[in-house]
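1. Sharing a model that was predicted from the sequence below.
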Amino acid sequence: MNAPLTGPIAVVCIATFSFFSCGDSPADNPQNQQQVTETSILTLDSLKAAHPDAILLDVRSDEEWAAGHLLGASYVSFDWDHRKDSLSEIPWDRPVLVYCEAGGRSGVVTEELRIIGHPHIIDLIGGMERWLENKKPLDFDVPVPVMPQVD
């Protein structure tokens, strides 16, 4: 015989349902309007041309960054202790193009930016591996600051 849900299990089920079903849906709240896009390197140049103010965000390791990165990129270490503070400094009025070595870490950071509500995030599919396969140029200069220094 099947017993009805009672006790702690029922409370957990009801609380979970209530939590996820209450409040405005993201579409109902203009502050939650987000655009999360995936793009290939073939469209990166056109995206940068369309959004010259976009932040190009490299989320690889220090060693990977030093081995070469995309021209004009800002660097945020994938290490969580450094990343959590850096992501909060990213301006919300500019699109963010995120890349890593192959696409895994950029996907994580793209999701983190989406969760905190950044309105326009673009994940570069294939990352540096695809960039190099297509014989695209590398840069070895210091990173562009995410937030410009004010004198």
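-> In hand now; what should we look at? Numbering: from 1, shown residues only.
2. can we go C-alpha only for contacts and neighbour counts from here?
-> Noted.
3. Name the residues that touch the helix or strand encompassing Ala49?
-> Assigned by DSSP states H and E, Ala49 belongs to helix 44-50. Outside helix 44-50, the residues that touch it by CA atoms under 8 Å, 6 or more residues apart in numbering are Ala54, Leu124.
4. residues making contact with the very next helix or strand once past that helix?
-> Scanning forward in sequence from helix 44-50 by DSSP H and E, the next helix or strand is strand 55-58. Contact partners of strand 55-58, identified using CA under 8 Å, 6+ apart, comprise 65, 69, 72-77, 94-100, 146.
5. Following element in sequence after strand 55-58, please.
-> As assigned by DSSP H and E, the chain's next helix or strand after strand 55-58 is helix 62-66.
6. hmm, back to that, pull out the buried positions in the helix holding Ala49.
-> When burial is assessed from 16 or more other CA atoms under 10 Å, helix 44-50 yields the following buried residues: Leu47.
7. Between all of the contacts of strand 55-58, which two are at the greatest distance?
-> Maximum pairwise distance among the contacts of strand 55-58 (CA to CA): 22.6 Å, between Trp65 and Arg94.
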